[in-house]
Structures are given as structure tokens and as C-alpha cells.
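Enquirer: using only what follows, build the 3D model:
(chains A and B)
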Amino acid sequence: MAYNWNWEIFLAPSATGEGTYLTWLFEGLQWTVILSLSAWVIALIVGSIIGVLRTVPNRWLSLIAAVYVEVFRNIPLLVQLFIWYFVLPELLPTKMGDAFKQMNPLAQQFIAAMVCLGLFTAARVAEQVRSGIESLPHGQKSAGLAMGFTLAQVYRYVLVPMAFRIIMPPLTSEFLNVFKNSSVATTIGLIELSRQAQQLVDFTAQPYEAFIAVTLLYLLINVVVMYLMRHVEQKVRVPGYIGGK
Amino acid sequence: MHGFDWSSIPGALSFLAKGLLVTLEVTLTAIIVGIVWGTILAVVRLGHNKVLAYLATAYVNLFRSVPLVMVILWFYLIVPQLLRSVFGSDIGDIRMTSALVAFALFEAAYYSEIIRAGIQSVAKGQAAAGLALGLTPGQTMRMIVLPQAFRNMLPLLLTQAIILFQDTSLVYVIGLSDFFGTAYKVGDRDGRLVELLLFSGAVYFVICFSASRLVKHLQARFSS
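Expert: Take a look at the predicted model:
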């Protein structure tokens, strides 16, 4: 196989005339990180709420939460993304739908991808939060109630903080998944990392350099996130539990 | 608001069924190859050969850190080059081949993690007893440890298969017409994207939801 390696291609001025192809890579990295972090914030907030609702002693609330989890877990992420991006603007009241469609294309892609990825991941976070709460001894809740806390206070001060400390390791892997799943946004044209990989192939005709560079950047994200989360995990682990010392 | 018009779906059902077949073909191939290759990786990782164990670990970690989209694109780049160097320039449509290779090798990494945990869940005494009876380490693994391990991890393997079934929709990035790709094309052709996307979402939901109920049922039976 005769392939002409040319790593200097990244220093060549890009086709758009702004910066080099290296700039494209960093732009992609930037969008991947921004998209993933903002989706993760949504996932944590919505996921905690849904996860808590699944455990509350109210049949309707826990049913709603269960339906949420099943819907978001049993439809492929790609299909969900297309529904957010192509379908929802049509179903909204005409005014809102049009307002969305008149936005800057990049903003449209970003909002759709962020909401989609956030709510998709929320279902997985919710399952972790639920299992964390269910793993706590029943006495914790009873003790809280016996102390005169309301149910909401028991959740707020006792169950949720403990649950989060216990589920930190699985949350780390969900966090890593967000970064990987953000690559699906390439399908609606958001210029994140894997989109840039394809663009670089089209513009530079150096596919291996482009793919290797992007793959290394994804590995880098992984390493950084794992390193940071290991510190967090050590800080918050609960003495007496598995993994805690 | 949008006026729904579902009329383009009945006529497209045969297309969609063909797409579903592609989806199932990719899914089944990836399950079979993934479990076989994943078992080999898991056994090697737990084995005594340090170099092989290290290579297997590197393989698994690499595939687990890279997004599936990138893996699919990678193999769409590599597979044609390899095929061309073996079979000459006339290799036809390689999208299906490269998707099959990508999914099989990618899933093997995930399956190997499940299988490794499954092997480790088998009590140590079982392997010791096998060895004491005069079985070779290979026989002990094959006839004593793996059968019990697979029984323990069956629910997890099936859950992973459901995730895989959903993930196959990502062949969209190389333009392969699986179930979702077909639905998208029909919707685009007829100007009925909204209906076709909702329809495909509903089909995925029904299949995956029923399958996950079934797994839960199995799990309850196995654990009793």
C-alpha cells in the first residue's frame, strides 16, 4: 500500500483561509467539549429528578419517571437526535417552530444536540441515582423521618447526597459516554471532532492523518476525564462501602 | 402546527422490511463474532501470558475509548484498502462489509468486559476442582468455567445485544440503508420526514422495549 504520509498537512492554511487545518481540529475539539459538558449538566439535573421520582412513594410520579426512562432508553440516540432536529420544530406552534428554523444553523444544531444528548443521558443517570437510593439501608430514610424531617428534606439532606457518593464510579463511565455519544451530532452537521475528521478527509485527501489525530484527541479527552474523576471519586467515597476505605 | 400524513408508509413497508433485515444482519453478525472474539480476549486477559494479556487489554481499552461513529468511519477507510490489495480494484459496494467488520470488532471489546466479569464470578474452587481431576487448564476453562460464566452473564449479554441493535442505526454515517437509513430516505423522498422519523422511533421502541422485558423475565427465572 503506497500511502504518502504528510503530517505537515495540519500546518497548511485551511481551505476557508482562516488559520490552518490544526485550527479545524481545535474547533472540533472545542465543540465536542462544550456540547458534552452542557449536555452533562442537563443530564445531571434531569437525571437526579427522574431518579428520585422513581423511588418516591407515589404511584403516578414513579410511573411517569419509569415511562421517561423506558422511552429514552429504547430509542436509538440517532433517531432521537433526528426527532429533536427535524421533527420537533414542525410540531411546535408555528411561531416557535419558525423562530427555531430562522436561527443560525450552528445554533440550531447545537441546541438540538445538547437537549437530545442531555435528556438521553438523563435516563441513564436516573437509573444510577435510583439504584444508589435503593442501595441505602431502609433505616436511613426511617431515621430521617423519625427526626422530624419531611420526606422532601430526607431526600435533600440524607438520601440523595449519600446516593451520589455511592454511584460516583458508574457516573464516571456515563460522563465518558457523553463525550463519545456527542460524536452522533456529526449526522446533523455540527462541526464537532468526528465531523472535522470527515471534513479534513474531504479537503486534504490525507485520511489517515486526520483520523489518527481525531482518535488521539478522543483518547486524550478520555484520559483527562478519568484522571479528574478518579480524584473526585477518592474525595467523595463513603467509608465502609465497597471502594471506600 | 403540522398536519400528519402517514400515507407514504404502507407503500414503503417492503423497503423498510429490507432495511430491517440489514439492521438484523449487522446486529446478529456483531453478536456472534463479538461474543466469540470477546471470549478469546477475556480468556487471554485473565491468562498467564503477560504480553498477550497486555495486548488484549490495550485492544479493549482502545475500542472502548473511541466513539462508535469514529470506529465505523475508520473501517470504512481501512477495509476497502485491504480488500483492494487482496482482490484487486473491483470490489463493489463495501459499505456492508466494512460495517460488519467495524461492529464485530467494536462489540467484541464490550462483550469481553462482560465475559471477563462473568469468568471472575465463577467460584475459584470450580477451576481448582477441574484441575485436580486432571483436566488441562484449557479443558477446565472450556468445560467447567465458561459454561457457568455464560449462564451467570446471559442477561447482561442480551442487554448488550439490545444496545447494539440500537447502535447499528449509526451506519447512517457511511450511507448504508439499514432500517433507519431506509426510513430517512423514504421520508426525504416523499417530503414526509416527520412521519417516517416518528414511525422508525416507534418501531425501535416496540422492539427494544419488548426485548428488554423479555430479558428481565429471563433474569428473574435464572436468579431463582
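Enquirer: just give the number of residues close to residue 42.
Expert: Chain wasn't specified; assuming chain A. 19 (other CB atoms under 10 Å in any protein chain shown). All C-beta atoms are positioned from the backbone trio N, CA, C, and that covers glycine.
Enquirer: please refer instead to chain B.
Expert: Count around residue B:42 with other CB under 10 Å applied: 25.
Enquirer: look up phi and psi at residue A:20.
Expert: Main-chain torsions, residue A:20, degrees, to the nearest 10: phi -110, psi -180.
Enquirer: you'd agree it is up against residue A:13?
Expert: Yes - Residue A:20 is within contact range of residue A:13, at 5.8 Å (criterion: CB atoms under 8 Å).
Enquirer: next to chain A, which bits of chain B? Give me the list.
Expert: Residues of chain B found near chain A (CB under 8 Å from any CB of the partner chain) are B:1-2, B:62, B:65-70, B:73-74, B:77, B:81, B:85, B:166-167, B:169-170, B:172-173, B:180, B:184, B:193-194, B:197-198, B:200-201, B:204-205, B:208-209, B:212.
Enquirer: before we move on, the earlier item: residue A:20 and residue A:13: which is more packed in?
Expert: Ranked by neighbour count (other CB under 10 Å), residue A:20 and residue A:13 place residue A:20 first, with 15 against 11.
Enquirer: can you report how many residues lie near the residue nearest to the more buried one when sequence neighbours are not counted?
Expert: Leaving aside its chain neighbours, residue A:20 sits nearest to residue A:11 (5.4 Å; criterion: CB to CB, 6 or more residues apart in numbering or on different chains). Counted with other CB under 10 Å, residues neighbouring residue A:11 total 9.
Enquirer: residue A:11 against residue A:22, yeah?
Expert: Yes - between residue A:11 and residue A:22 there is a contact under CB under 8 Å: 6.6 Å.
Enquirer: which strands and helices lie in contact with the lowest-mean-pLDDT helix or strand in chain B?
Expert: Sorted by mean pLDDT, DSSP states H and E, the helices and strands of chain B end with helix B:68-87, the least confident at a mean of 89. Contacts defined by 3 or more CB pairs under 8 Å, 6 or more residues apart in numbering or on different chains; DSSP states H and E place helix B:68-87 against helix A:193-204, helix A:207-236, helix B:95-120.
Enquirer: what average pLDDT does the longest one get?
Expert: Regarding helix A:207-236, the rounded mean pLDDT is 94.
Enquirer: pull out the buried positions in it.
Expert: Under the neighbour-count criterion of 16 or more other CB atoms under 10 Å in any protein chain shown, helix A:207-236 has A:207-211, A:213-215, A:217-218, A:221-222, A:225, A:229, A:233 buried.
Enquirer: next: the shortest one.
Expert: Of all the residues in helix A:193-204, those buried under the rule 16+ other CB under 10 Å are A:193, A:194, A:195, A:196, A:197, A:198, A:199, A:200, A:201, A:203, A:204.
Enquirer: give me the pLDDT for residue A:245.
Expert: 44.
Enquirer: I should have written residue A:96 there, sorry.
Expert: 87.
Enquirer: so how far is the helix or strand of chain A with the lowest mean pLDDT off the chain centroid?
Expert: Ranked by mean pLDDT, DSSP H and E, the weakest helix or strand in chain A is helix A:94-101, scoring a mean of 87. Here helix A:94-101 is found 26 Å from its chain centre; the criterion is CA atoms, centre = their mean, to the nearest Å.
Enquirer: now swap in stretch A:197-205 and tell me
Expert: 26 Å.
Enquirer: which stretches of chain A form helices?
Expert: For chain A, helices defined by DSSP state H occupy the ranges A:21-55, A:59-73, A:77-82, A:88-91, A:94-101, A:105-135, A:138-146, A:151-153, A:160-166, A:168-181, A:193-204, A:207-236.
Enquirer: just want the angle from the longest one to helix A:193-204.
Expert: This means helix A:21-55. 160 degrees (axes from the mean of the first three to the mean of the last three CA atoms, to 10 degrees).
Enquirer: hang on, the earlier thing: which among the helices and strands packed on helix B:68-87 is found nearest to residue A:132?
Expert: helix A:207-236 (12.1 Å; CB to CB).
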